[in-house]
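> Below: sequence and its predicted model.
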2 protein chains.
Amino acid sequence: MMYGAIEAGGTKFVCAVSDENFEIKERVSLPTTTPEETLAKVFEFFDQFELTSIGIGSFGPIDVNKKSNTYGYVTTTPKVAWTNYNFLGAVKERYPIPVGWTTDVNAAALGELKKGAAQGLESCIYLTVGTGVGGGAVINGKLLEGYGHPEMGHLLVRLHPDETYKGFCPYHGNCLEGIAAGPAIEGRYGKKGHELADQAHVWEMEAYYLAQALVNYTLILSPERIVLGGGVMKQEQLYPLIRKEFEKLMAGYVAVPSLEEYIVAPGLGDNAGITGCLLLAEAELKK
Amino acid sequence: MMYGAIEAGGTKFVCAVSDENFEIKERVSLPTTTPEETLAKVFEFFDQFELTSIGIGSFGPIDVNKKSNTYGYVTTTPKVAWTNYNFLGAVKERYPIPVGWTTDVNAAALGELKKGAAQGLESCIYLTVGTGVGGGAVINGKLLEGYGHPEMGHLLVRLHPDETYKGFCPYHGNCLEGIAAGPAIEGRYGKKGHELADQAHVWEMEAYYLAQALVNYTLILSPERIVLGGGVMKQEQLYPLIRKEFEKLMAGYVAVPSLEEYIVAPGLGDNAGITGCLLLAEAELKK
């Protein structure tokens, strides 16, 4: 077996190939430009191997609804060159082998569940907090997809009493992403997060929003674990602050695991997504 | 085959038996008193039949985690006689046959998916808005359970700018249940909902909260349909108001079905729960 993986991000594509033990044989990182240009480089890389299946974890929104005419498309992304682009179709045309298709964050959730911080469990959420906020999940051992895919980053949250920033989400203004992603920190304080590492109030406000989201995810999905990754979460002081605020907001209503085990950092670091894509390639082959 | 069903509510128990086509042969409604007294009457009813399996949909919170020592228990309910009561164990002791176990609202979601307003789909949410707010879901054709079960009614929501009521939830004050269940309407206006049927502002505020919850459920779970039942939803003017507010809040960000098909009344009326329990009995037998 030789699995191919495409972790398709808005700024870069990571491609990798592995054997059936998910040991990565080769990988490459490419800038995301136009679909044609980017995929030409992806194909150049994959053409060197005899792939048996491929897994794609893509930035979105994407169409994951198999009943839809545009299944496999990138849909309403603000990256105009990719809007309504048949991404899955282009890959399947080049490689007539099984190709798995989901969001980048669903792939990361799968990676963490099978090989990372949520091993041995049947459900987890993976939330990335960086230039945006995105979430994916595995529930009952399966990727969470329904009519579409989760867009957990756009949750409507209660504003902090001291909030002065209006939020940057073009759709919802001050939804979770609009008020808690990296650009919101910069928009509120005029400095990037890593320049504010020692400012306690910055991270208390950030934890206020993220904990609120985690409480709502818990009430709705009841996962066994929540993995928090992405650039903003490199500020490790956030983890205990989020756990503390979560406990306060939940007020003991719902039984959850001990919070040190429940709200955790990724076990695979920045490799959660690409690992998940390899696992997706395996799953697609076994279908 | 002869299936038994227990829809266990906080004020009454409904028990039914059916054949393998889910045609109800006999049913009974009993007041919920102490576990011993209530179950004695349940057993008296079921003892008349040769059951092949049973499905229980229970009020909660309950323990649905098979890895837990208290799996099958009613846990932290405010109904003290039932706190930490081994409900599933008591039924299994009496009837050594397969017994399915989930929440009342998960059972209702299953009923609506297989026999009601969400037939032919693989996912739906069932939300009941009555003396409390509770939600269950089927995702990828399976009941939504993880570390625990959903408690969607306790979602943290943004307060309406005109809100004056502080909320009645003993855990969270003004969470969704605390601010939008029947007692909140009565607490805010001093009258019951059905006495306020012609007061437009009452239902606009109610729709404001319910739509907000539905947006967040959609962003997190991406179901194919949302079924809204319960006493408060007997005010049918709520459905169009909720759809309108949902559209405004979502701002076109996520693709959803046409809202008339997406946000709907139960197809089974008040029989969603008991039907779901019968379906659960079948599923347990086939395991």
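It's in. Numbering: from 1, shown residues only, chains lettered A, B, ... in the order given.
> Could you double-check that A:Gln237 sits in contact with A:Glu206?
No. A:Gln237 is not in contact with A:Glu206 according to Cβ atoms under 8 Å; the separation is 9.7 Å. (C-beta placed from N, C-alpha, C; glycine too.)
> just for the stretch 51-200 of chain A, where's the confidence low?
The model of the stretch 51-200 of chain A has no residue with pLDDT under 70.
> List the residues that contact A:Gly55.
Taking Cβ atoms under 8 Å, 6 or more residues apart in numbering or on different chains as the criterion, A:Gly55 is in contact with A:3-6, A:99-100, A:107, A:276-284.
> let's see it at 10 Å
Shown in contact with A:Gly55 (Cβ atoms under 10 Å, 6 or more residues apart in numbering or on different chains): A:3-7, A:16, A:98-102, A:107, A:110, A:274-285.
> just A:Val133 next, same as before
Per Cβ under 10 Å, 6+ apart, neighbours of A:Val133: A:105, A:127, A:151-155, A:169, A:175-182, A:184, A:209-210, A:213, A:230, A:232.
> Mind jotting down where the strands sit in the stretch 51-200 of chain A?
With DSSP state E, counting those that start in this stretch, the ranges of strands along the stretch 51-200 of chain A come out as A:53-58, A:99-103, A:124-129, A:133-139, A:142-143.
> Looking at these, which is nearest to A:Glu93?
strand A:99-103 (10.2 Å; Cβ to Cβ).
> Give the partner strands of the closest one in its sheet and their orientations.
The strands beside strand A:99-103 in its sheet (DSSP bridges) come out as strand A:53-58 (parallel).
> Using CSV, list the CA coordinates for the partner strand.
Output in CSV follows, covering the C-alpha atoms of strand A:53-58 (Å, rounded to 0.1, in the frame of the first residue of the first chain):
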residue,chain,number,x,y,z
SER,A,53,-5.5,5.7,-2.5
ILE,A,54,-5.5,9.4,-1.5
GLY,A,55,-7.0,11.4,1.4
ILE,A,56,-7.7,15.1,1.1
GLY,A,57,-8.4,17.4,4.0
SER,A,58,-9.3,20.8,2.5
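> related to what we said a few turns ago, out of the contacts of A:Val133, which are close to chain B?
The residues of the contacts of A:Val133 that also fall near chain B, by Cβ under 10 Å from any Cβ of the partner chain, are A:151-155, A:169, A:175-176, A:213.
> picking that back up, which ones among the contacts of A:Gly55 are found in helices?
A:107, A:110, A:274-285 (DSSP state H).
> just the helices in chain A please.
A:35-46, A:87-94, A:104-115, A:176-180, A:182-189, A:200-221, A:238-250, A:259-262, A:272-286.
> Next to chain B, which bits of the stretch 151-287 of chain A? Give me the list.
So the stretch 151-287 of chain A meets chain B at A:151-159, A:169-176, A:212-213, A:215-225, A:249-257, A:262 (Cβ under 10 Å from any Cβ).
> Next up, the contacts around the residue nearest the centre of chain A.
In chain A, the centroid-proximal residue (Cα atoms, centre = their mean) is A:Val105; its distance is 2.3 Å. The neighbourhood of A:Val105, defined by Cβ under 10 Å, 6+ apart, consists of A:57-60, A:125-128, A:133-137, A:144, A:149-153, A:229-230, A:272-273, A:276.
> Chain neighbours aside, what residue packs nearest to A:Asn174?
Computed as Cβ to Cβ, 6 or more residues apart in numbering or on different chains, the closest residue to A:Asn174 that is not its neighbour in sequence is A:Gly167, at 3.1 Å.
> okay, how far is it across stretch A:93-105, tip to tip?
25 Å (Cα to Cα, to the nearest Å).
> what's around A:Pro98, how many residues?
When neighbours are counted by other Cβ atoms under 10 Å in any protein chain shown, A:Pro98 registers 19.
> what does A:Asn84 give?
12.
> right, and it touches A:Asn69 too?
No. With contact defined as Cβ atoms under 10 Å, A:Asn84 and A:Asn69 do not form a contacting pair (11.3 Å).
> Residues that sit against both of these two, list them.
Residues touching both A:Asn84 and A:Asn69 (Cβ under 10 Å, 6+ apart) are A:Asp63.
> so who does A:Leu228 touch?
Counting by Cβ under 10 Å, 6+ apart, A:Leu228 has contacts A:117, A:125-129, A:135, A:210, A:214, A:238-239, A:242, A:263-266.
> Just the buried ones among these, please.
A:117, A:125-129, A:135, A:210, A:214, A:238-239, A:242, A:263-264, A:266 (16 or more other Cβ atoms under 10 Å in any protein chain shown).
> Return the closest of those residues with respect to chain B.
Proximity of the buried ones among the contacts of A:Leu228 to chain B (Cβ to the nearest Cβ) peaks at A:Gly135, which lies at 7.7 Å.
> Isn't the closest one up against A:Asn216?
No. Contact criterion Cβ under 10 Å: A:Gly135 and A:Asn216 do not qualify, at 11.0 Å.
> shared neighbours of the two, anything?
Counting by Cβ under 10 Å, 6+ apart, the residues touching both A:Gly135 and A:Asn216 are A:152, A:155, A:176, B:219-220.
> which of these sit farthest apart?
A:Leu176 and B:Ile220 (11.0 Å).
> Settle it for me: which of those two has more neighbours?
Ranked by neighbour count (other Cβ under 10 Å), A:Leu176 and B:Ile220 place A:Leu176 first, with 29 against 25.
> For the more buried one, give its distance to B:Ala255.
A:Leu176 is 20 Å from B:Ala255, where distance means Cβ to Cβ, to the nearest Å.
> In contact with A:Gly4, which residues?
A:15-18, A:42, A:45-46, A:49, A:51-56, A:91, A:95, A:97, A:99, A:277-278, A:281.
> what do you get if the cut-off is 8 Å, keeping everything else the same?
Applying Cβ under 8 Å, 6+ apart, the residues near A:Gly4 are A:15-17, A:46, A:49, A:51, A:53-55, A:95, A:281.
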